[in-house]
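>>> take this sequence and fold it.
(4 chains)
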There are 2 protein chains.
Amino acid sequence: MTSLGEGEYALLDQSWHDAITPDAARRMLIAAAHAFADKGYHATTTRDIAARAGMSPAAVYIHYRSKEDLLFQISKVGHERSLKVLTAVQDPDPRDRMAKTVAAFARWHAEFRTTARVVQYELGSLSPEHHAVVAELRRKIETHVRQIVEDGVKAGSFETPDQNGTALAVLSLCIDVARWYRPDGKRTPEDIGTLYADLALRMLSKSV
Amino acid sequence: MTSLGEGEYALLDQSWHDAITPDAARRMLIAAAHAFADKGYHATTTRDIAARAGMSPAAVYIHYRSKEDLLFQISKVGHERSLKVLTAVQDPDPRDRMAKTVAAFARWHAEFRTTARVVQYELGSLSPEHHAVVAELRRKIETHVRQIVEDGVKAGSFETPDQNGTALAVLSLCIDVARWYRPDGKRTPEDIGTLYADLALRMLSKSV
DNA sequence: CTTAGTTCTAAGCAACCGCTTAGTATGTCG
DNA sequence: CGACATACTAAGCGGTTGCTTAGAACTAAG
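Okay, the predicted model is just below:
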């Protein structure tokens, strides 16, 4: 039917349960997310998506306007979720806030690797109009991390030769987890979050 | 004709002058590299590649067996060049060696962003046989960075809770430059190399 | 029962894909 | 000059693509 590990399917089915209805639409979107993450958007056919969802090729077009519409829904929900992961951290101390933010953001890119790969690698496959929507969300994500760095420097907790450059590097480090992470590897998403929180603090530490 | 900036074309034409002959084969490969980097392998048509090279669709098959053969040549030469950039640094001190290696590797991913994007994002589009060839080169790249970290820890220059994890993170940081770098941005490849060398040393520094 | 609405499938259409074939222009050697 | 090799193009072939159409199966209201 789905030819996915039970866990792989169940994770997104639970995560998207409230946001994507009805059930058939969610099943199709999960099938599309896994296909796009595995092979890339352009290498995936609508027949492949339908087969993964256990339905006929024409069933795709009952709940979605086009293949690109499927991509946009995945990208939009994915960006919103990753932004929510960032902004959920509210610690007053910049060091703690940075550590917890990086841990959560890096962890998300491992745990939701399927979504994250579509979010990070298929921006160019979106229509100009849809790209503009997610670009706005990406701007908010970058601004949020820049703000933590700025707060830390102002508070005297951080020291860096290039505030925006280092903020970009911290973000880049977390995002690239989606590229190399494998669920069957020895590091858990939790492990990666812990290591990366330490690395981010080192990148901004006062003594070198 | 090529519809590329003169500089964009000239950079690869010069870099590949000795490795790829005759001229028409190199012109076709440069056209393919830019198309793959811009739109992705599967979104690129052989007609598109031929048009960028200013030739007919059938001309692709005079110098290359298939579209995948073009991808393999770009990926193979690209991996070999990036490995060469790494191994060219020979400093005896681990700190200096790490700084210079990271500076050169990060800089390469910015300067040769076109090649780097194909190298890093189209691994899954290679045939299993061709993938095995570049996978061996990738193993060498990772081993090389791990070795520098190990040497630095043994010499007492570095301190880290996870040697291999941090080596992977340093590598990941450099590789992801190919994703976000834009030639028209404010940071030059040189700037990025300098910043990233500092960040790598911080990630491995003894005092946190 | 009829009627209307929703969700699905079988079949297929026009466009496009990677790649091949047949033939042309150019150059080289004797 | 003719014989042959190389580098290229025009045309097109079989297969696949995203998506549409026509209709079946089911539910629910009147």
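>>> got a pLDDT number for residue A:59?
Here, the pLDDT recorded for residue A:59 equals 97.
>>> again, but for residue A:8
84.
>>> and it, how close does it get to DNA strand D?
22 Å (C-beta to the nearest atom of the strand, to the nearest Å). Any C-beta I mention is one placed from the backbone N, CA and C, and that applies to glycine too.
>>> wait, that residue sits on residue A:34?
Yes. Using C-beta atoms under 8 Å, residue A:8 is in contact with residue A:34, at 7.0 Å.
>>> any common contacting residues for these two?
residue A:114 (C-beta atoms under 8 Å, 6 or more residues apart in numbering or on different chains).
>>> give me the more crowded residue out of those two.
Set residue A:8 next to residue A:34 and count neighbours by other C-beta atoms under 10 Å in any protein chain shown: residue A:34 wins out with 24 against 15.
>>> the more buried one sits in which helix or strand?
Using DSSP states H and E, residue A:34 sits in helix A:23-39.
>>> ok, is the helix or strand that that helix is followed by in contact with chain B or not?
The element immediately downstream of helix A:23-39 (helix or strand, assigned by DSSP H and E) is helix A:46-52. No. Contact of helix A:46-52 with chain B is not found when judged by C-beta under 8 Å from any C-beta of the partner chain; the minimum separation is 12.6 Å.
>>> which SS class is the closest residue to residue A:169 other than its chain neighbours?
With sequence-adjacent residues excluded and distances taken as C-beta to C-beta, 6 or more residues apart in numbering or on different chains, residue A:169 is closest to residue B:199, at 5.7 Å. Classification of residue B:199 using DSSP: H, G, I helix; E, B strand; the rest coil returns helix.
>>> quick one, what contacts residue B:199?
Taking C-beta under 8 Å, 6+ apart, one finds A:166, A:169, A:203, B:102, B:173 in contact with residue B:199.
>>> of these, select the buried ones using a PyMOL command.
In PyMOL, this line selects whichever of those come out buried by 16 or more other C-beta atoms under 10 Å in any protein chain shown:
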select buried, (chain A and resi 166+169+203) or (chain B and resi 102+173)
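>>> can you put the contacts of residue B:199 in TSV and add secondary structure, pLDDT and distance to DNA strand C?
Shown next, in TSV, are the contacts of residue B:199 (DSSP: H, G, I helix; E, B strand; the rest coil; pLDDT from 0 to 100; distance: C-beta to the nearest atom of the strand, whole Å):
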residue	secondary structure	pLDDT	distance to DNA strand C
A:166	helix	98	41
A:169	helix	98	36
A:203	helix	98	42
B:102	helix	98	37
B:173	helix	98	33
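>>> just flag the most distant two among the contacts of residue B:199.
Spatial extent of these (C-beta to C-beta) is set by the pair A:166 and B:102 at 14.4 Å.
>>> what about the residue nearest to residue A:169, distance to DNA strand C?
39 Å.
>>> do you know the pLDDT at that residue?
Residue B:199 is given a pLDDT of 98.
>>> ok, now how distant is it from residue A:162?
9 Å (C-beta to C-beta, to the nearest Å).
>>> again with residue A:77
On the measure of C-beta to C-beta, residue A:77 and residue A:162 end up 33 Å apart.
>>> and residue A:184, by the same measure?
Using C-beta to C-beta, one gets 37 Å for the distance from residue A:184 to residue A:162.
>>> neighbour count winner among the two?
Taking other C-beta under 10 Å, residue A:184 and residue A:162 do not tie; residue A:162 has more neighbours (17 against 4).
>>> quick one: contacts for the closest residue to that one other than its chain neighbours?
Leaving aside its chain neighbours, residue A:162 sits nearest to residue B:195 (5.4 Å; criterion: C-beta to C-beta, 6+ apart). Residues in contact with residue B:195, defined by C-beta under 8 Å, 6+ apart, are A:161-162, A:165-166, A:169, B:187.
>>> swap in 10 Å and give it another go.
A:160-162, A:165-166, A:168-169, B:102-103, B:106, B:187 (C-beta atoms under 10 Å, 6 or more residues apart in numbering or on different chains).
>>> and the strand or helix carrying it with helix A:189-203, angle?
Using DSSP H and E, residue B:195 sits in helix B:189-203. Helix B:189-203 runs at 110 degrees relative to helix A:189-203, counting by axes from the mean of the first three to the mean of the last three C-alpha atoms, to 10 degrees.
>>> check the secondary structure at the residue positioned nearest the centre of chain A for me.
In chain A, the C-alpha closest to the average C-alpha coordinate belongs to residue A:116, at a distance of 3.4 Å (C-alpha atoms, centre = their mean). Three-state call for residue A:116 (three-state DSSP): helix.
>>> retrieve the pLDDT associated with it.
On the pLDDT scale, residue A:116 gets 98.
>>> what's the local residue count around residue A:14?
Neighbours of residue A:14 using other C-beta under 10 Å come to 9.
>>> who does the lengthiest helix in chain A touch, helix- and strand-wise?
Secondary structure of chain A per DSSP state H: the longest helix is helix A:128-154. Counting contacts by 3 or more C-beta pairs under 10 Å, 6 or more residues apart in numbering or on different chains; DSSP states H and E, helix A:128-154 packs against helix A:67-87, helix A:94-111, helix A:113-121, helix A:163-175, helix A:189-203.
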